[in-house]
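Enquirer: task: produce atomic coordinates for the following.
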Amino acid sequence: VTFTAQPAGANTNLTWYGWDFDLDGNWDLSGAGLGTVTSPPYPPGYHGVALTVSNAAAERASITNLNFIHVAPAVLYVSLLGSHQPPFTNWATAATNLDVARQLALGGTTIRITNGVYGISNTVVLDEAIILSGAGAQATILTPAVASGERRVIQMTDSNAVIEDLTVSNGYTTVFGGAGILMSAGTVRRCAVVKNWTSNNKHGGGIFITGGRVTDSLIQNNIAHLNGGGLYIDGAQAIVSHCRIIGNTSGMNAGYHGGGIQLNAGTVRNCLIVGNTCGSGGVGGGLRVDGGLLESSTIIGNRGGSAGGGVSASSPGTVTNSILYDNTLADGSTNNAGGTLSRYGYCCAPELTHDPLGTGHINGNPLFRLLGTGYGAARTGDDPRLNSGSPCIGAALRLPWMTDAIDLDGNVRVLGGTPDLGAYETLPTP
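Expert: Below is the predicted model of the structure:
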């Protein structure tokens, strides 16, 4: 660390400096001409420095700064079985709670969190390039340490911040939205975001996202007081891909929308959206698409309120290359595609006019391997991959992003030159 002395006062002609880099009471460097010096490397942790100077009039001044230097290790460890000895640089001395580890971390630090349920006392704010890395979504669970009051779990604002391989659960907020995760940047990958909820007329029970990316994740059983039970997406650069959005609810007050997702701007791609519910007067049991792009997704078994059991779309939102089937409304009637039908292209839904050579629409049975039963949270038994005789095979519009892309199962997105509708590409029969 390089330090520079900055004198002030009537006589700043300094003739002697004494530097103590470790606060042990001994000068590590002393003498004339030491206005700028470099200390030896500091180990991880917090460190202080002391400086004494004198001038040509033999006047002396001293200053001590405690905890002036913060050095973070490249990797911090968190384990319920750790001995909680800073700076937490191995599993044996690991921190026993994430709050303390986050305080020590800086941009560039990875915080590794092993198996266990970790109570979070304060929202984990990732405003630096920090990675939270769990041992798997089934193994590492982050949940509020208190059972009442404001308790959002994570907030992300740095474009290089990452959370991966963990579960975010039981968050609650009455402020802005995003009880599980509120994010304007960063990446969420291979995570589960479950059983979070908003109140006080707020959106996005699981995630409120205005920027960044959510991939390969499960968004399940979240509740929004208003719109977007699972996710509220409101940013042109926001991307949600290869996710399963299951059993979420919006509109605890009647008349609110997007049981699984409220999409105002951004992209939802290669997702399975099943068993979500919106308020009794709301629209879009699976999604309400008021802007942005819904692409190559499968929407089944959702329950809307008054319209759009699967999807409700309006300008400037678009729905492309997707399958909407076996969705319903609150009155029990079947409804899959609602809103402005001209906002749909290359989709399979009974409400659309069959025109595979024009609009690209198919209005027949997509022939899933297994069609489940029930709607909303009661939905069970689906295998939404396509049987070999499905009319949705090879029926999609090939888009630029599909080159070298994969489907929801991780298979090559385009097989045989023309992609399939929905979230899954059909593998050739051996």
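Enquirer: spell out the residue ranges of the helices in this protein.
Expert: 98-104 (DSSP state H).
Enquirer: shaky segments in this protein?
Expert: Low-confidence segments of the chain, defined by pLDDT under 70: 252-254, 430.
Enquirer: quick check, central residue of it?
Expert: Val188 (3.8 Å; C-alpha atoms, centre = their mean).
Enquirer: so how far is Gly358 from that one?
Expert: The gap separating Val188 from Gly358 is 38 Å, by C-beta to C-beta, to the nearest Å. In short, each C-beta sits where N, CA and C put it, glycine included.
Enquirer: and the residue nearest to the centre of the chain, what does it touch?
Expert: Counting by C-beta atoms under 8 Å, 6 or more residues apart in numbering, Val188 makes contact with 156, 162-164, 181, 207, 212-215, 217.
Enquirer: now a PyMOL select for only the buried ones of those residues.
Expert: The PyMOL command for the buried members of the contacts of Val188 (criterion: 16 or more other C-beta atoms under 10 Å) is given here:
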select buried, resi 156+162+163+164+181+207+212+213+214+215+217
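Enquirer: please flag which of the contacts of Val188 sit within strands.
Expert: With strands taken from DSSP state E, the overlap with those comprises 156, 162-164, 181, 207, 213-215.
Enquirer: thinking again about what came up before, rebuild the contacts of Val188 as TSV, extending it with distance to Ile406.
Expert: Shown next, in TSV, are these (distance: C-beta to C-beta, whole Å):
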residue	distance to Ile406
Met156	25
Val162	20
Ile163	22
Glu164	18
Ile181	24
Ile207	22
Gly212	20
Arg213	15
Val214	16
Thr215	11
Ser217	15
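Enquirer: farthest residue from the center of this protein?
Expert: Distance from the centre of the chain peaks at Ala57, with 61.3 Å (C-alpha atoms, centre = their mean).
Enquirer: circling back: quick one: which of the ones in strands among the contacts of Val188 is nearest Gly339?
Expert: Ile207 (23.1 Å; C-beta to C-beta).
Enquirer: who are the contact partners of the closest one?
Expert: 178, 180-183, 188, 193, 214, 219, 230-232.
Enquirer: next: Val168.
Expert: Taking C-beta under 8 Å, 6+ apart, we find Val168 in contact with 142-143, 153-154, 180-181, 191-194, 196.
Enquirer: mark which of the residues you listed are buried, thanks.
Expert: Buried by 16+ other C-beta under 10 Å: 142-143, 153-154, 180-181, 191-194, 196, out of the contacts of Val168.
Enquirer: with distance to Asn122 as extra columns, can I get the residues you listed in a markdown table?
Expert: Putting those into a markdown table (distance: C-beta to C-beta, whole Å) gives the following:
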| residue | distance to Asn122 |
| --- | --- |
| Leu142 | 12 |
| Thr143 | 13 |
| Val153 | 10 |
| Ile154 | 11 |
| Gly180 | 15 |
| Ile181 | 15 |
| Cys191 | 20 |
| Ala192 | 21 |
| Val193 | 19 |
| Val194 | 21 |
| Asn196 | 16 |
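Enquirer: among these, which are located in strands?
Expert: Of the buried ones among the contacts of Val168, the ones assigned to strands by DSSP E are 142-143, 154, 181, 192-194.
Enquirer: as TSV, those residues with distance to Ala94 would be great.
Expert: Shown next, in TSV, are those (distance: C-beta to C-beta, whole Å):
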residue	distance to Ala94
Leu142	16
Thr143	19
Ile154	20
Ile181	24
Ala192	23
Val193	25
Val194	25
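Enquirer: relative to Asn387, which of these is nearest.
Expert: Among these, Ala192 lies closest to Asn387 (C-beta to C-beta), at 29.3 Å.
Enquirer: bridge partners for that closest one, pull those for me.
Expert: Beta-bridge partners of Ala192, counted by DSSP bridges, are Thr167, Leu218.
Enquirer: distance of it relative to Gly206?
Expert: 10 Å.
Enquirer: who touches both of these two?
Expert: Here Ala192 and Gly206 share the contacting residues Ile219, scored by C-beta under 8 Å, 6+ apart.
Enquirer: how many other residues sit next to Met409?
Expert: Small correction: residue 409 is Asp, not Met. Per other C-beta atoms under 10 Å, the neighbour tally for Asp409 reads 12.
Enquirer: now do the contacts for the closest residue to it other than its chain neighbours.
Expert: Once flanking residues are discounted, Asp409 sits nearest to Tyr424: 5.9 Å by C-beta to C-beta, 6 or more residues apart in numbering. Taking C-beta under 8 Å, 6+ apart, we find Tyr424 in contact with 298, 384-386, 407-409, 411.
Enquirer: and Arg244, by the same measure?
Expert: Arg244 touches 217-220, 271-272, 274, 408, counting by C-beta under 8 Å, 6+ apart.
Enquirer: before we move on, what about Tyr325?
Expert: By C-beta under 8 Å, 6+ apart, Tyr325 lies in contact with 299-300, 310, 336, 348-350, 365-366, 368, 371.
Enquirer: check the gap between it and Cys392 for me.
Expert: Counting by C-beta to C-beta, the gap from Tyr325 to Cys392 is 10 Å.
Enquirer: and for the two, which residues touch both?
Expert: Shared contacts of Tyr325 and Cys392 (C-beta under 8 Å, 6+ apart): 348, 366.
Enquirer: returning to that earlier point: can you pick the most crowded of the contacts of Tyr424?
Expert: Ranked by neighbour count (other C-beta under 10 Å), these have Thr298 at the top, with 28 neighbours.
Enquirer: touching, it and Ser322? I think so.
Expert: Yes - Thr298 is within contact range of Ser322, at 6.9 Å (criterion: C-beta atoms under 8 Å).
Enquirer: anything in contact with each of these two?
Expert: Here Thr298 and Ser322 have Gly422 as joint contacts, going by C-beta under 8 Å, 6+ apart.
Enquirer: burial count for the nearest residue to Leu415 once chain neighbours are set aside?
Expert: Residue nearest to Leu415 in three dimensions, not counting chain neighbours: Glu425, with 5.6 Å by C-beta to C-beta, 6+ apart. Residues near Glu425, counting by other C-beta under 10 Å, number 27.
Enquirer: cool, and Ser388?
Expert: The number of residues near Ser388, taken as other C-beta under 10 Å, comes to 11.
Enquirer: and it, how far from Ala139?
Expert: Ser388 sits 37 Å away from Ala139 when distances are taken as C-beta to C-beta.
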